[in-house]
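Student: quick one, structure for this:
(one chain, ligands or ions: 1)
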Amino acid sequence: MCSPQKSGMNALSMRMVTRSGSRCPGAGPRRHGEDPAPLQKGEAVAEGKQSHRPVKHQRKARRLCVAYEASDGEKDKRAEPLKEPVWEPQDWQQQLANIRTMRSRKDAPVDQLGAEHCYDPSASPKVRRYQVLLSLMLSSQTKDQVTAGAMQRLRARGLTVDNILQTDDSMLGQLIYPVGFWRNKVKYIKQTSAILQQRYGGDIPASVAELVALPGVGPKMAHLAMAVAWGTVSGIAVDTHVHRIANRLGWTRRATKSPEETRAALEAWLPRELWSEINGLLVGFGQQTCQPVHPRCGACLNQALCPAAQGL
Ligand code: SF4
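Tutor: Predicted coordinates for the structure are as follows:
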């Protein structure tokens, strides 16, 4: 029979429960002669005669089990998995503040010619979203100035899904030349436009998974399309500038080999409220200061905090 009692030693954090006369967990199987059932009167006499010894009334030691039940508060604490402290680069806040200072004039090419500046603001929302996606597809491996020129020529003819599908490939190639890989892009733009017309009513899909399923659309474009076209922060858009600078500044726990690896490494520690800012900030910084070849470390406010500065 269980009889709960309060322990004066630790009454606040736990309840002590005593169990007597019952089997305790871990007490093992009942042994012969242990805690027998009470004998009936006749049986006791017979047993005494059989052993030729007087029947002694022995005091049986009653087993007392003490178990502790955790209080609700303790149970909650125990249920929580141990959290590993989140790794973050040592000086990232100062490095970020320095980059913001260096970028305060907002006069890098990306500030005037990025995807958010290439669409026709007077077009319908659906057409604007299509134009954002097109400018992102054109921009890969291409300078912002070249992308902006191609977008101007396309817009002058009316940049809609229907118009692109009615334009033959050679004309489309002439309009977008000299963007990088323009022949492949003609093919991808036609294929993607056909899918948008058939499956999305001429609009662009509103998820990263559906966007990256379109021909010629990669993860960086998908995250930027989500941000610029749909106003949703779905992840950090990492291109070659962001990939390079994150590694130079030590913003990845270990060296990363691809923009996708860098995206995962940054998203593991960078506060989410900074995700939408980081692409434009670092792309412009990469265009003006932390360039791929011959970065201008002497003019960089992060020189003393940059692990890569000594080796460049
Ligand atoms: S010190 Fe040099 S390598 Fe480091 S962030 Fe500045 S420009 Fe880039």
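
Student: isn't Gly173 right up against Arg183?
Tutor: Yes. Using Cβ atoms under 8 Å, Gly173 makes contact with Arg183 at a distance of 6.6 Å. For every residue, glycine as well, the C-beta is placed using N, CA and C.

Student: looking at these two, which is more packed in?
Tutor: Gly173 (16 against 11; other Cβ atoms under 10 Å).

Student: backbone phi and psi for the more buried one, please?
Tutor: The phi/psi pair for Gly173 (degrees, to the nearest 10) reads phi -60, psi -40.

Student: over to the one 3 residues further on?
Tutor: The phi and psi values for Ile176, taken as degrees, to the nearest 10, are phi -100, psi -20.

Student: same question, Val179
Tutor: For Val179, the backbone dihedrals (degrees, to the nearest 10) come out as phi -60, psi 150.

Student: list the contacts of it.
Tutor: Leu138, Ser139, Thr142, Val146, Thr147, Ala150, Lys185 (Cβ atoms under 8 Å, 6 or more residues apart in numbering).

Student: and for the fourth one, the neighbour number?
Tutor: Number of residues near Val146 (other Cβ under 10 Å) recorded here: 19.

Student: next one: the second one
Tutor: A count of nearby residues for Ser139, using other Cβ under 10 Å, gives 26.

Student: what sits against it?
Tutor: By Cβ under 8 Å, 6+ apart, the contact set of Ser139 is Ala115, Thr147, Val179, Met221.

Student: quick one: pLDDT of it?
Tutor: pLDDT, Ser139: 95.

Student: distance of it relative to the ligand?
Tutor: 22 Å (Cβ to the nearest ligand atom, to the nearest Å).

Student: below-threshold pLDDT in the stretch 1-150 of the chain: ranges please.
Tutor: 1-79 (pLDDT under 70).

Student: ok, so of the contacts of Val179, who is nearest Gly235?
Tutor: Ser139 (17.7 Å; Cβ to Cβ).

Student: can you pull the phi and psi angles for the closest one?
Tutor: Dihedral angles (degrees, to the nearest 10) for Ser139: phi -80, psi -20.

Student: same question, the one 3 residues further on
Tutor: In this entry, Thr142 is assigned phi and psi values of phi -140, psi 140 (degrees, to the nearest 10).

Student: that one reaches Tyr177, doesn't it?
Tutor: No. Using Cβ under 8 Å as the test, Thr142 is too far from Tyr177 to be in contact (10.9 Å).

Student: which of these two has more neighbours?
Tutor: The residue with more neighbours, out of Thr142 and Tyr177, is Thr142; 20 against 15, by other Cβ under 10 Å.

Student: return the residues of the stretch 101-250 of the chain in contact with the ligand.
Tutor: Applying Cβ under 6 Å from any ligand atom, we find that the stretch 101-250 of the chain lies next to the ligand at Arg248, Leu249.

Student: how about a cut-off of 5 Å?
Tutor: Counting by Cβ under 5 Å from any ligand atom, the residues of the stretch 101-250 of the chain close to the ligand are Arg248.

Student: name the helices or strands packed onto the host helix or strand of Leu175?
Tutor: Secondary-structure assignment from DSSP states H and E places Leu175 in helix 169-176. Helices and strands touching helix 169-176, by 3 or more Cβ pairs under 8 Å, 6 or more residues apart in numbering; DSSP states H and E, are helix 144-156, helix 182-200.

Student: could you dump the following helix or strand past the longest one to CSV, C-alpha only?
Tutor: Okay, so that is helix 182-200. Next helix or strand after helix 182-200 toward the C-terminus (DSSP H and E): helix 208-212. The C-alpha coordinates for helix 208-212 follow below in CSV (Å, rounded to 0.1, in the frame of the first residue of the first chain):
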residue,chain,number,x,y,z
VAL,A,208,11.7,28.4,-53.3
ALA,A,209,11.1,24.7,-54.2
GLU,A,210,8.9,25.6,-57.2
LEU,A,211,11.2,28.3,-58.3
VAL,A,212,14.4,26.2,-58.3
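
Student: many thanks, we can stop here.
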